[in-house]
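Q: Fold the following, please.
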Amino acid sequence: MKKIIVVLLLTLAITSCKAQKTTESKDSSQPNVLVFYVDDLRAELGCYGSETAITPNIDQLASDGVLFNKAYTQQAICAPSRMSTLTGLRPETLGIYSIFTPLRKVHKDVVSMPQLFNKNGYKTVSIGKVYHHSSDDKKEWSVYYGKEANTYNDPKNIAIIEQLKKEGKNPKGPAFDAADVSDEAYKDGRAAKYAIETLEKLKDDKFLMFVGLSKPHLPFNAPKKYWDLYDKSKFKIPSREKPEGIYRLSLTKWGELKGYHGIPKEGDLDDNLTRDLIYGYHASISYIDAQIGKVMQTLEDLDLRKNTMIVFMSDHGYKIGEYGAWCKHSNMEIDTRVPLIISRETNYKKRKAGKTSDALVENVDLFSTLVDICGFEAIPSDGKSLVPVIDNPKQKWDPIATSVYGRGKKIMGVTATDGKWRYTEWRDAKTHAILGAELFEHKDNLLSFVNLSGNKKYQEVEQRMKKLLETQFSRNDQPFLQNDQPRR
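A: Next up, the predicted model:
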(Lines give C-alpha, C1' and ligand atoms only; values in the text may rest on other atoms or scores of the structure.)
Protein backbone atom coordinates (compact mmCIF):
# COMPACT_ATOMS: atom_id res chain seq x y z
CA MET A 1 0.00 0.00 0.00
CA LYS A 2 1.06 3.61 -0.52
CA LYS A 3 2.59 5.33 2.47
CA ILE A 4 -0.02 5.44 5.24
CA ILE A 5 -0.58 8.63 7.12
CA VAL A 6 0.32 8.39 10.79
CA VAL A 7 -1.99 10.36 13.05
CA LEU A 8 0.97 11.60 15.10
CA LEU A 9 2.23 13.44 12.02
CA LEU A 10 -1.20 14.96 11.56
CA THR A 11 -1.26 16.14 15.15
CA LEU A 12 2.15 17.74 14.72
CA ALA A 13 0.97 19.34 11.51
CA ILE A 14 -2.00 21.07 13.10
CA THR A 15 0.23 22.20 15.98
CA SER A 16 2.54 23.75 13.40
CA CYS A 17 -0.41 25.45 11.77
CA LYS A 18 -1.44 26.96 15.08
CA ALA A 19 2.06 28.27 15.63
CA GLN A 20 2.14 29.85 12.19
CA LYS A 21 -1.40 31.19 12.16
CA THR A 22 -1.74 34.04 9.71
CA THR A 23 -3.21 37.38 10.57
CA GLU A 24 -6.90 38.05 10.07
CA SER A 25 -6.24 40.72 7.44
CA LYS A 26 -7.09 39.75 3.90
CA ASP A 27 -4.13 38.60 1.80
CA SER A 28 -4.94 39.29 -1.85
CA SER A 29 -2.58 36.51 -2.97
CA GLN A 30 -4.79 33.92 -1.28
CA PRO A 31 -8.05 33.29 -3.12
CA ASN A 32 -11.43 32.66 -1.65
CA VAL A 33 -12.69 29.12 -2.25
CA LEU A 34 -16.28 28.20 -3.05
CA VAL A 35 -17.11 24.49 -3.30
CA PHE A 36 -20.43 23.25 -4.62
CA TYR A 37 -20.63 19.77 -3.07
CA VAL A 38 -23.52 17.86 -4.64
CA ASP A 39 -25.07 14.62 -3.37
CA ASP A 40 -25.59 11.52 -5.57
CA LEU A 41 -24.75 13.30 -8.82
CA ARG A 42 -23.18 11.26 -11.58
CA ALA A 43 -21.78 12.91 -14.70
CA GLU A 44 -25.33 13.42 -16.00
CA LEU A 45 -24.80 16.98 -17.19
CA GLY A 46 -24.90 18.83 -20.45
CA CYS A 47 -21.20 19.63 -20.27
CA TYR A 48 -20.47 15.90 -19.87
CA GLY A 49 -22.40 15.06 -23.03
CA SER A 50 -25.78 14.17 -21.53
CA GLU A 51 -28.52 14.20 -24.15
CA THR A 52 -31.20 14.71 -21.53
CA ALA A 53 -29.99 16.83 -18.58
CA ILE A 54 -30.68 20.58 -18.76
CA THR A 55 -27.87 22.26 -16.80
CA PRO A 56 -27.02 25.68 -18.29
CA ASN A 57 -25.32 27.10 -15.19
CA ILE A 58 -23.06 24.14 -14.57
CA ASP A 59 -22.28 24.06 -18.30
CA GLN A 60 -21.32 27.74 -18.10
CA LEU A 61 -19.02 26.98 -15.17
CA ALA A 62 -17.36 24.23 -17.24
CA SER A 63 -16.76 26.73 -20.04
CA ASP A 64 -15.11 28.95 -17.45
CA GLY A 65 -12.76 26.34 -16.01
CA VAL A 66 -11.32 22.84 -16.36
CA LEU A 67 -13.70 19.89 -16.65
CA PHE A 68 -12.27 16.55 -15.52
CA ASN A 69 -13.51 13.59 -17.54
CA LYS A 70 -11.91 10.98 -15.31
CA ALA A 71 -12.53 12.01 -11.71
CA TYR A 72 -13.26 9.38 -9.07
CA THR A 73 -14.53 9.17 -5.52
CA GLN A 74 -12.81 6.99 -2.92
CA GLN A 75 -16.00 5.21 -1.85
CA ALA A 76 -19.49 5.31 -3.35
CA ILE A 77 -21.35 6.24 -0.19
CA CYS A 78 -21.93 9.59 1.51
CA ALA A 79 -20.13 9.63 4.86
CA PRO A 80 -16.76 8.03 4.01
CA SER A 81 -16.44 9.86 0.70
CA ARG A 82 -17.08 13.23 2.33
CA MET A 83 -14.66 12.52 5.18
CA SER A 84 -12.04 11.64 2.58
CA THR A 85 -12.57 14.93 0.73
CA LEU A 86 -12.49 17.02 3.88
CA THR A 87 -9.39 15.37 5.38
CA GLY A 88 -7.39 14.31 2.32
CA LEU A 89 -7.30 10.78 3.74
CA ARG A 90 -8.67 7.68 2.05
CA PRO A 91 -11.33 5.50 3.71
CA GLU A 92 -8.76 2.74 4.16
CA THR A 93 -6.56 5.17 6.09
CA LEU A 94 -9.40 6.44 8.25
CA GLY A 95 -10.88 2.95 8.62
CA ILE A 96 -14.43 4.26 8.23
CA TYR A 97 -16.55 2.65 5.52
CA SER A 98 -20.13 3.12 6.71
CA ILE A 99 -22.56 5.99 7.13
CA PHE A 100 -22.98 5.21 10.81
CA THR A 101 -19.61 6.33 12.22
CA PRO A 102 -18.83 10.06 12.56
CA LEU A 103 -15.26 11.10 11.84
CA ARG A 104 -14.59 12.53 15.29
CA LYS A 105 -15.87 9.44 17.06
CA VAL A 106 -12.76 7.67 15.81
CA HIS A 107 -10.26 10.41 14.91
CA LYS A 108 -9.88 13.31 17.32
CA ASP A 109 -6.68 14.78 15.88
CA VAL A 110 -6.89 14.36 12.12
CA VAL A 111 -6.61 17.78 10.45
CA SER A 112 -9.71 18.71 8.49
CA MET A 113 -10.19 21.37 5.85
CA PRO A 114 -12.25 23.74 8.05
CA GLN A 115 -9.67 23.44 10.84
CA LEU A 116 -6.79 24.22 8.50
CA PHE A 117 -8.49 27.20 6.86
CA ASN A 118 -9.60 28.52 10.23
CA LYS A 119 -6.04 28.46 11.52
CA ASN A 120 -4.89 30.33 8.43
CA GLY A 121 -7.19 33.30 8.85
CA TYR A 122 -10.11 32.26 6.66
CA LYS A 123 -13.78 32.46 7.50
CA THR A 124 -15.13 28.95 7.05
CA VAL A 125 -18.70 28.33 5.92
CA SER A 126 -20.74 25.13 5.85
CA ILE A 127 -24.17 25.27 4.26
CA GLY A 128 -26.41 22.24 3.85
CA LYS A 129 -24.95 18.76 3.57
CA VAL A 130 -21.16 18.96 3.73
CA TYR A 131 -20.14 16.27 6.18
CA HIS A 132 -22.70 13.47 6.33
CA HIS A 133 -22.70 13.75 10.12
CA SER A 134 -23.61 17.27 11.19
CA SER A 135 -21.70 16.82 14.44
CA ASP A 136 -18.33 16.46 12.68
CA ASP A 137 -16.30 19.68 13.01
CA LYS A 138 -19.42 21.74 13.67
CA LYS A 139 -17.41 24.15 15.86
CA GLU A 140 -14.76 24.62 13.16
CA TRP A 141 -17.09 26.51 10.84
CA SER A 142 -17.32 30.30 11.29
CA VAL A 143 -20.78 30.18 9.70
CA TYR A 144 -22.82 27.02 9.93
CA TYR A 145 -26.17 26.10 8.40
CA GLY A 146 -26.79 22.41 9.03
CA LYS A 147 -28.37 20.03 6.57
CA GLU A 148 -32.15 20.10 6.73
CA ALA A 149 -34.75 17.35 6.63
CA ASN A 150 -36.52 16.73 3.34
CA THR A 151 -39.52 18.92 2.61
CA TYR A 152 -42.72 17.70 0.94
CA ASN A 153 -45.06 20.31 -0.51
CA ASP A 154 -47.56 18.30 -2.54
CA PRO A 155 -50.72 18.00 -0.38
CA LYS A 156 -51.24 14.41 -1.52
CA ASN A 157 -47.77 13.42 -0.33
CA ILE A 158 -48.19 15.29 2.95
CA ALA A 159 -51.43 13.36 3.53
CA ILE A 160 -49.67 10.07 2.84
CA ILE A 161 -46.96 10.85 5.39
CA GLU A 162 -49.52 11.85 8.03
CA GLN A 163 -51.45 8.64 7.46
CA LEU A 164 -48.29 6.55 7.78
CA LYS A 165 -47.57 8.25 11.10
CA LYS A 166 -51.08 7.48 12.36
CA GLU A 167 -50.64 3.84 11.42
CA GLY A 168 -47.32 3.67 13.22
CA LYS A 169 -45.48 2.88 9.99
CA ASN A 170 -42.25 4.24 8.57
CA PRO A 171 -43.22 7.85 7.74
CA LYS A 172 -40.61 8.11 4.99
CA GLY A 173 -42.56 9.74 2.21
CA PRO A 174 -42.82 9.03 -1.51
CA ALA A 175 -39.69 8.99 -3.64
CA PHE A 176 -40.54 12.26 -5.42
CA ASP A 177 -42.49 15.50 -4.96
CA ALA A 178 -43.30 18.15 -7.58
CA ALA A 179 -45.32 20.97 -6.05
CA ASP A 180 -45.84 24.29 -7.80
CA VAL A 181 -43.86 26.30 -5.24
CA SER A 182 -40.86 28.60 -5.04
CA ASP A 183 -37.28 27.30 -4.97
CA GLU A 184 -37.02 28.13 -1.27
CA ALA A 185 -39.92 25.80 -0.46
CA TYR A 186 -37.42 22.94 -0.79
CA LYS A 187 -34.16 22.81 1.11
CA ASP A 188 -31.65 23.40 -1.70
CA GLY A 189 -33.35 26.67 -2.54
CA ARG A 190 -32.88 27.69 1.08
CA ALA A 191 -29.23 26.60 0.93
CA ALA A 192 -28.68 28.94 -2.02
CA LYS A 193 -30.42 31.74 -0.11
CA TYR A 194 -28.13 31.21 2.90
CA ALA A 195 -25.08 31.15 0.63
CA ILE A 196 -26.05 34.44 -1.00
CA GLU A 197 -26.70 36.12 2.34
CA THR A 198 -23.38 34.85 3.71
CA LEU A 199 -21.43 36.06 0.68
CA GLU A 200 -22.87 39.52 1.19
CA LYS A 201 -21.71 39.48 4.81
CA LEU A 202 -18.24 38.07 4.14
CA LYS A 203 -17.41 39.95 0.95
CA ASP A 204 -14.50 41.72 2.67
CA ASP A 205 -13.09 38.57 4.28
CA LYS A 206 -11.16 35.58 3.01
CA PHE A 207 -13.48 32.61 3.01
CA LEU A 208 -13.78 28.91 2.37
CA MET A 209 -17.43 28.15 1.63
CA PHE A 210 -18.96 24.73 1.07
CA VAL A 211 -22.47 24.79 -0.35
CA GLY A 212 -23.82 21.28 0.15
CA LEU A 213 -26.69 20.67 -2.28
CA SER A 214 -28.72 17.58 -1.41
CA LYS A 215 -30.47 16.92 -4.68
CA PRO A 216 -30.45 14.74 -6.69
CA HIS A 217 -30.33 12.52 -3.60
CA LEU A 218 -33.62 10.78 -2.88
CA PRO A 219 -36.35 11.83 -2.55
CA PHE A 220 -36.46 13.63 -5.88
CA ASN A 221 -38.27 16.69 -4.53
CA ALA A 222 -38.11 19.80 -6.69
CA PRO A 223 -40.45 22.62 -7.75
CA LYS A 224 -42.80 21.79 -10.61
CA LYS A 225 -41.15 24.28 -12.97
CA TYR A 226 -38.05 22.06 -13.14
CA TRP A 227 -40.13 19.01 -13.94
CA ASP A 228 -41.80 21.05 -16.66
CA LEU A 229 -38.46 21.39 -18.44
CA TYR A 230 -38.70 17.72 -19.43
CA ASP A 231 -41.02 15.40 -21.32
CA LYS A 232 -41.34 12.23 -19.26
CA SER A 233 -42.14 10.12 -22.32
CA LYS A 234 -38.76 10.92 -23.87
CA PHE A 235 -36.73 9.18 -21.15
CA LYS A 236 -35.44 5.80 -22.21
CA ILE A 237 -35.64 2.78 -19.92
CA PRO A 238 -32.09 1.51 -19.29
CA SER A 239 -31.21 -2.12 -19.73
CA ARG A 240 -31.88 -4.18 -16.63
CA GLU A 241 -29.30 -6.72 -17.74
CA LYS A 242 -26.71 -7.45 -15.08
CA PRO A 243 -23.05 -7.92 -16.05
CA GLU A 244 -22.14 -11.53 -16.73
CA GLY A 245 -19.85 -13.26 -14.26
CA ILE A 246 -19.79 -10.59 -11.55
CA TYR A 247 -19.05 -11.38 -7.91
CA ARG A 248 -22.21 -12.29 -6.02
CA LEU A 249 -22.04 -9.14 -3.88
CA SER A 250 -21.00 -6.65 -6.56
CA LEU A 251 -24.44 -5.05 -6.72
CA THR A 252 -26.90 -4.41 -3.92
CA LYS A 253 -30.67 -4.85 -3.61
CA TRP A 254 -30.95 -1.03 -3.44
CA GLY A 255 -32.69 -0.95 -0.08
CA GLU A 256 -32.22 2.82 0.08
CA LEU A 257 -34.84 3.37 -2.63
CA LYS A 258 -37.11 0.60 -1.31
CA GLY A 259 -37.40 2.49 1.96
CA TYR A 260 -39.61 5.12 0.29
CA HIS A 261 -43.37 4.84 0.16
CA GLY A 262 -44.75 3.33 -3.03
CA ILE A 263 -41.59 1.47 -4.04
CA PRO A 264 -42.05 -2.34 -4.36
CA LYS A 265 -39.96 -4.33 -1.91
CA GLU A 266 -39.23 -7.12 -4.38
CA GLY A 267 -38.44 -7.43 -8.08
CA ASP A 268 -37.62 -4.88 -10.76
CA LEU A 269 -39.52 -1.63 -11.06
CA ASP A 270 -41.97 -1.43 -13.94
CA ASP A 271 -41.34 0.93 -16.84
CA ASN A 272 -43.72 3.63 -15.63
CA LEU A 273 -42.20 3.91 -12.15
CA THR A 274 -38.71 3.67 -13.61
CA ARG A 275 -39.49 6.56 -15.91
CA ASP A 276 -41.00 8.59 -13.06
CA LEU A 277 -37.79 8.22 -11.06
CA ILE A 278 -35.53 9.07 -13.99
CA TYR A 279 -37.76 12.09 -14.60
CA GLY A 280 -37.42 13.14 -10.95
CA TYR A 281 -33.66 12.67 -10.97
CA HIS A 282 -33.37 15.04 -13.93
CA ALA A 283 -35.77 17.60 -12.45
CA SER A 284 -33.66 17.57 -9.28
CA ILE A 285 -30.48 18.18 -11.27
CA SER A 286 -32.00 21.17 -13.05
CA TYR A 287 -33.21 22.47 -9.68
CA ILE A 288 -29.72 22.46 -8.14
CA ASP A 289 -28.31 23.87 -11.40
CA ALA A 290 -30.54 26.91 -10.91
CA GLN A 291 -29.34 27.33 -7.31
CA ILE A 292 -25.73 27.23 -8.47
CA GLY A 293 -26.52 29.91 -11.02
CA LYS A 294 -27.90 32.20 -8.32
CA VAL A 295 -24.82 31.86 -6.14
CA MET A 296 -22.45 32.36 -9.06
CA GLN A 297 -24.34 35.50 -10.10
CA THR A 298 -23.92 36.83 -6.57
CA LEU A 299 -20.15 36.36 -6.85
CA GLU A 300 -20.24 38.52 -9.97
CA ASP A 301 -22.52 41.14 -8.45
CA LEU A 302 -20.26 41.50 -5.41
CA ASP A 303 -17.12 41.63 -7.57
CA LEU A 304 -15.80 38.50 -5.81
CA ARG A 305 -15.22 36.29 -8.82
CA LYS A 306 -11.84 37.85 -9.54
CA ASN A 307 -10.48 36.41 -6.30
CA THR A 308 -12.70 33.35 -5.82
CA MET A 309 -11.95 29.93 -7.25
CA ILE A 310 -14.90 27.58 -7.72
CA VAL A 311 -15.01 23.82 -7.35
CA PHE A 312 -18.01 21.81 -8.48
CA MET A 313 -18.03 18.17 -7.38
CA SER A 314 -20.14 15.21 -6.28
CA ASP A 315 -19.59 12.77 -3.45
CA HIS A 316 -20.16 9.73 -5.73
CA GLY A 317 -21.99 8.51 -8.80
CA TYR A 318 -25.42 6.91 -9.06
CA LYS A 319 -27.56 4.35 -10.88
CA ILE A 320 -31.03 5.22 -12.18
CA GLY A 321 -32.12 1.77 -13.28
CA GLU A 322 -28.93 0.60 -14.99
CA TYR A 323 -28.22 -3.09 -14.34
CA GLY A 324 -31.76 -3.23 -12.95
CA ALA A 325 -30.34 -1.48 -9.88
CA TRP A 326 -30.63 1.91 -8.19
CA CYS A 327 -28.60 4.25 -5.98
CA LYS A 328 -24.85 3.78 -5.38
CA HIS A 329 -23.09 1.41 -2.95
CA SER A 330 -20.82 -0.43 -5.38
CA ASN A 331 -17.38 -0.41 -7.01
CA MET A 332 -18.87 -0.09 -10.49
CA GLU A 333 -17.68 2.70 -12.80
CA ILE A 334 -21.10 4.36 -12.76
CA ASP A 335 -20.93 4.69 -8.97
CA THR A 336 -17.27 5.67 -8.55
CA ARG A 337 -16.89 8.16 -11.39
CA VAL A 338 -17.94 11.72 -10.51
CA PRO A 339 -18.23 15.12 -12.17
CA LEU A 340 -15.49 17.59 -11.23
CA ILE A 341 -15.02 21.13 -12.49
CA ILE A 342 -12.39 23.53 -11.16
CA SER A 343 -12.44 27.17 -12.22
CA ARG A 344 -9.66 29.39 -10.94
CA GLU A 345 -10.25 32.95 -9.84
CA THR A 346 -10.30 35.32 -12.82
CA ASN A 347 -7.23 37.26 -11.68
CA TYR A 348 -5.11 34.09 -11.73
CA LYS A 349 -2.53 34.61 -14.49
CA LYS A 350 -2.28 30.96 -15.56
CA ARG A 351 -6.03 30.50 -15.59
CA LYS A 352 -7.46 28.00 -18.08
CA ALA A 353 -11.07 28.21 -19.23
CA GLY A 354 -13.18 25.92 -21.37
CA LYS A 355 -10.64 23.10 -21.14
CA THR A 356 -11.16 19.38 -20.63
CA SER A 357 -8.73 17.03 -18.91
CA ASP A 358 -8.60 13.24 -19.15
CA ALA A 359 -6.16 13.03 -16.24
CA LEU A 360 -7.05 10.46 -13.60
CA VAL A 361 -7.88 12.54 -10.53
CA GLU A 362 -9.59 11.78 -7.24
CA ASN A 363 -11.77 13.63 -4.74
CA VAL A 364 -9.11 12.96 -2.10
CA ASP A 365 -6.82 15.29 -4.09
CA LEU A 366 -8.89 18.39 -3.30
CA PHE A 367 -7.37 18.84 0.16
CA SER A 368 -3.77 19.04 -1.10
CA THR A 369 -4.86 21.13 -4.07
CA LEU A 370 -6.36 23.84 -1.86
CA VAL A 371 -3.39 23.74 0.52
CA ASP A 372 -1.15 24.38 -2.49
CA ILE A 373 -3.30 27.10 -4.03
CA CYS A 374 -3.74 28.98 -0.75
CA GLY A 375 -0.07 28.72 0.15
CA PHE A 376 -0.46 26.86 3.43
CA GLU A 377 2.27 24.70 4.89
CA ALA A 378 1.92 21.19 3.45
CA ILE A 379 -0.12 18.72 5.48
CA PRO A 380 0.42 14.94 5.19
CA SER A 381 -2.23 13.63 2.83
CA ASP A 382 -3.19 10.61 0.73
CA GLY A 383 -3.94 12.91 -2.20
CA LYS A 384 -1.77 15.22 -4.29
CA SER A 385 -2.11 18.77 -5.54
CA LEU A 386 -3.86 19.07 -8.89
CA VAL A 387 -2.41 22.52 -9.58
CA PRO A 388 -0.09 21.24 -12.36
CA VAL A 389 -2.97 19.65 -14.25
CA ILE A 390 -5.30 22.61 -13.62
CA ASP A 391 -2.63 24.82 -15.18
CA ASN A 392 -1.96 22.32 -17.98
CA PRO A 393 -5.05 20.12 -18.52
CA LYS A 394 -3.34 17.92 -21.13
CA GLN A 395 -0.53 16.96 -18.77
CA LYS A 396 -0.05 13.25 -18.08
CA TRP A 397 -1.03 12.35 -14.55
CA ASP A 398 -1.51 9.33 -12.30
CA PRO A 399 -1.67 5.83 -13.83
CA ILE A 400 -4.62 4.76 -11.64
CA ALA A 401 -7.48 5.97 -9.46
CA THR A 402 -8.70 3.68 -6.69
CA SER A 403 -11.82 3.16 -4.59
CA VAL A 404 -13.10 0.73 -1.98
CA TYR A 405 -16.45 -0.72 -0.95
CA GLY A 406 -16.89 -3.28 1.79
CA ARG A 407 -19.63 -5.84 2.26
CA GLY A 408 -19.91 -6.03 6.02
CA LYS A 409 -16.67 -6.24 7.98
CA LYS A 410 -15.43 -9.51 6.51
CA ILE A 411 -15.31 -8.67 2.79
CA MET A 412 -13.60 -5.68 1.18
CA GLY A 413 -13.90 -4.73 -2.46
CA VAL A 414 -10.90 -2.84 -3.85
CA THR A 415 -10.93 -1.40 -7.33
CA ALA A 416 -8.69 0.54 -9.74
CA THR A 417 -9.17 2.19 -13.10
CA ASP A 418 -6.60 3.33 -15.64
CA GLY A 419 -9.22 5.34 -17.48
CA LYS A 420 -10.24 2.51 -19.81
CA TRP A 421 -10.13 -0.67 -17.75
CA ARG A 422 -11.60 -1.23 -14.30
CA TYR A 423 -10.20 -4.09 -12.23
CA THR A 424 -11.81 -5.10 -8.94
CA GLU A 425 -10.90 -7.68 -6.34
CA TRP A 426 -13.23 -8.82 -3.59
CA ARG A 427 -11.01 -9.83 -0.70
CA ASP A 428 -11.17 -11.35 2.72
CA ALA A 429 -10.79 -8.18 4.83
CA LYS A 430 -8.31 -9.88 7.17
CA THR A 431 -6.19 -12.10 4.94
CA HIS A 432 -6.52 -10.32 1.58
CA ALA A 433 -7.39 -13.66 0.00
CA ILE A 434 -9.16 -13.00 -3.31
CA LEU A 435 -12.77 -14.16 -3.24
CA GLY A 436 -13.67 -12.87 -6.69
CA ALA A 437 -12.27 -10.64 -9.44
CA GLU A 438 -13.78 -8.46 -12.15
CA LEU A 439 -12.34 -6.82 -15.25
CA PHE A 440 -14.51 -4.39 -17.17
CA GLU A 441 -13.73 -2.33 -20.26
CA HIS A 442 -14.92 1.27 -20.28
CA LYS A 443 -14.06 3.50 -23.21
CA ASP A 444 -16.37 6.50 -23.15
CA ASN A 445 -19.19 4.74 -21.33
CA LEU A 446 -20.15 4.25 -17.71
CA LEU A 447 -21.52 0.74 -18.23
CA SER A 448 -19.98 -2.62 -19.07
CA PHE A 449 -21.89 -5.89 -19.24
CA VAL A 450 -19.25 -8.63 -19.35
CA ASN A 451 -16.70 -9.53 -16.67
CA LEU A 452 -13.53 -10.30 -18.61
CA SER A 453 -11.53 -11.52 -15.62
CA GLY A 454 -10.07 -14.94 -16.40
CA ASN A 455 -10.58 -14.52 -20.14
CA LYS A 456 -7.32 -15.58 -21.80
CA LYS A 457 -7.71 -12.93 -24.49
CA TYR A 458 -7.40 -10.23 -21.80
CA GLN A 459 -4.86 -11.95 -19.57
CA GLU A 460 -2.16 -9.36 -20.22
CA VAL A 461 -4.54 -6.49 -19.44
CA GLU A 462 -5.70 -8.18 -16.25
CA GLN A 463 -2.16 -8.79 -15.02
CA ARG A 464 -1.22 -5.17 -15.68
CA MET A 465 -4.31 -3.91 -13.84
CA LYS A 466 -3.68 -6.33 -10.99
CA LYS A 467 -0.20 -4.88 -10.49
CA LEU A 468 -1.58 -1.35 -10.55
CA LEU A 469 -4.20 -2.26 -7.97
CA GLU A 470 -1.55 -3.71 -5.67
CA THR A 471 0.38 -0.44 -5.61
CA GLN A 472 -2.46 0.83 -3.42
CA PHE A 473 -3.79 -2.43 -1.96
CA SER A 474 -0.92 -4.84 -1.41
CA ARG A 475 -1.89 -8.47 -0.80
CA ASN A 476 0.82 -8.52 1.88
CA ASP A 477 -0.66 -5.64 3.81
CA GLN A 478 -2.23 -5.91 7.23
CA PRO A 479 -6.02 -6.42 7.62
CA PHE A 480 -8.27 -3.58 6.63
CA LEU A 481 -8.90 -1.24 9.51
CA GLN A 482 -12.46 -1.34 10.83
CA ASN A 483 -13.58 1.86 12.58
CA ASP A 484 -11.46 1.51 15.68
CA GLN A 485 -7.97 2.98 15.46
CA PRO A 486 -5.72 4.78 12.97
CA ARG A 487 -3.96 2.46 10.58
CA ARG A 488 -0.20 2.36 11.17
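Q: Next up, identify which helix or strand residue 300 is on.
A: helix 271-301 (DSSP states H and E).
Q: What residues sit buried inside that helix?
A: Neighbour counts using 16 or more other CB atoms under 10 Å place 274-293, 295-296, 298-299 of helix 271-301 among the buried residues. Glycine gets a C-beta too; all of them are placed from N, C-alpha and C.
Q: Also stretch 145-163?
A: By neighbour count, with 16+ other CB under 10 Å as the criterion, the buried positions of stretch 145-163 are 145, 147, 151-154, 157, 160.
Q: do stretch 168-187 as well
A: In terms of neighbour count (16+ other CB under 10 Å), stretch 168-187 has its buried residues at 173-179, 181, 183, 185-187.
Q: one step back: in JSON lines: the buried residues of stretch 145-163, plus pLDDT.
A: As requested, the buried residues of stretch 145-163 are arranged in JSON lines below (pLDDT from 0 to 100):
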{"residue": "145", "pLDDT": "98"}
{"residue": "147", "pLDDT": "94"}
{"residue": "151", "pLDDT": "95"}
{"residue": "152", "pLDDT": "98"}
{"residue": "153", "pLDDT": "98"}
{"residue": "154", "pLDDT": "98"}
{"residue": "157", "pLDDT": "98"}
{"residue": "160", "pLDDT": "97"}
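Q: Looking at those, which are in helices?
A: Residues from the buried residues of stretch 145-163 lying in helices, with DSSP state H as the criterion: 157, 160.
Q: Among the buried residues of stretch 145-163, pick out the one closest to residue 85, please.
A: When these are compared for distance to residue 85 (CB to CB), residue 147 comes out closest, at 15.6 Å.
Q: dump the residue contacts of the closest one.
A: With CB atoms under 8 Å, 6 or more residues apart in numbering as the criterion, the residues that contact residue 147 are 128-130, 134, 187, 212, 214.
Q: What's the separation between it and residue 160?
A: Separation of residue 147 from residue 160 (CB to CB, to the nearest Å) stands at 23 Å.
Q: Repeat that for residue 386.
A: Separation of residue 386 from residue 160 (CB to CB) stands at 46 Å.
Q: contacting residues for residue 219?
A: 150, 152, 173-177, 260, 280.
Q: ok, for it, nearest residue in space, not its chain neighbours?
A: Residue nearest to residue 219 in three dimensions, not counting chain neighbours: residue 175, with 5.1 Å by CB to CB, 6 or more residues apart in numbering.
Q: again with residue 200
A: Closest residue in space to residue 200, ignoring its immediate chain neighbours: residue 302 at 6.8 Å, by CB to CB, 6+ apart.
Q: Same check on residue 465?
A: Counting by CB to CB, 6+ apart, the nearest residue to residue 465 once its immediate chain neighbours are dropped is residue 423, at 3.5 Å.
Q: Surely that neighbour and residue 470 touch.
A: No - using CB atoms under 8 Å, residue 423 makes no contact with residue 470, being 10.3 Å away.
Q: Of these two, which one has the most company?
A: Taking residue 423 and residue 470 together and counting by other CB atoms under 10 Å, residue 423 has the greater number of neighbours (26 against 17).
Q: Which pLDDT value goes with that one?
A: Residue 423 is assigned a pLDDT of 98 by the prediction.
Q: The residue lying closest to residue 205 once chain neighbours are set aside - how many residues pack around it?
A: Nearest non-adjacent residue to residue 205, counting by CB to CB, 6+ apart: residue 123, 4.7 Å away. With neighbours defined by other CB under 10 Å, the count for residue 123 comes to 19.
Q: now, which of the contacts of residue 147 sits nearest residue 399?
A: Within these, the smallest distance to residue 399 is 31.0 Å, found for residue 130 (CB to CB).
Q: where does the protein have low pLDDT?
A: Applying pLDDT under 70 to the chain flags the ranges 1-28, 484-488.
Q: Next up, phi/psi of residue 311, please.
A: Dihedral angles phi and psi of residue 311 (degrees, to the nearest 10) take the values phi -120, psi 130.
Q: quick one, what contacts it?
A: Counting by CB under 8 Å, 6+ apart, residue 311 touches 33-36, 340-343, 366.
Q: Relative to residue 258, how far out is it?
A: Applying CB to CB, one obtains 33 Å for the distance of residue 311 from residue 258.
Q: what does residue 265 give?
A: Distance from residue 265 to residue 258, counting by CB to CB: 6 Å.
Q: ditto for residue 401
A: Computed with CB to CB, the distance linking residue 401 and residue 258 is 31 Å.
Q: Please identify which of those two sits among more neighbours.
A: More neighbours sit around residue 401 than around the other of residue 401 and residue 258, counting by other CB under 10 Å; the figures are 27 against 15.
Q: residues contacting the most centrally placed residue in the chain?
A: In the chain, the centroid-proximal residue (CA atoms, centre = their mean) is residue 315; its distance is 1.0 Å. Taking CB under 8 Å, 6+ apart as the criterion, residue 315 is in contact with 37-40, 73, 78, 81-82, 85, 338, 363.
Q: which stretch of helix or strand covers residue 356?
A: Using DSSP H and E, residue 356 maps to strand 355-362.
Q: Between strand 355-362 and whichever helix or strand comes after that strand, find me the angle.
A: Of the helices and strands lying after strand 355-362 in sequence (DSSP H and E), the nearest is helix 365-374. If you take axes from the mean of the first three to the mean of the last three CA atoms, to 10 degrees, helix 365-374 sits at 120 degrees to strand 355-362.
Q: counting contacts, what elements does helix 365-374 pack onto?
A: Here helix 365-374 touches strand 32-38, helix 78-87, helix 113-119, strand 308-314, helix 387-391, going by 3 or more CB pairs under 8 Å, 6 or more residues apart in numbering; DSSP states H and E.
Q: for the ones you listed, which one sits closest to residue 254?
A: The closest of the helices and strands packed on helix 365-374 to residue 254 is helix 78-87. By CB to CB, the value is 15.1 Å.
Q: Other residues contacting that closest one?
A: Counting by CB under 8 Å, 6+ apart, the neighbours of helix 78-87 from elsewhere in the structure are 37, 39, 73-75, 89-91, 94, 96-103, 107, 110-114, 129-133, 136-137, 313, 315-316, 363-364, 366-367, 382.
Q: what does stretch 58-65 give?
A: 45-47, 289, 292-293, 296, 310, 312, 341-344, 352-355.
Q: Quick check: phi and psi at the spatially closest residue to residue 323 that is not a sequence neighbour.
A: Of all residues not flanking residue 323 in the chain, residue 242 sits nearest, at 5.2 Å (CB to CB, 6+ apart). Comment: the main-chain dihedrals of residue 242 come out as phi -100, psi 150, following degrees, to the nearest 10.
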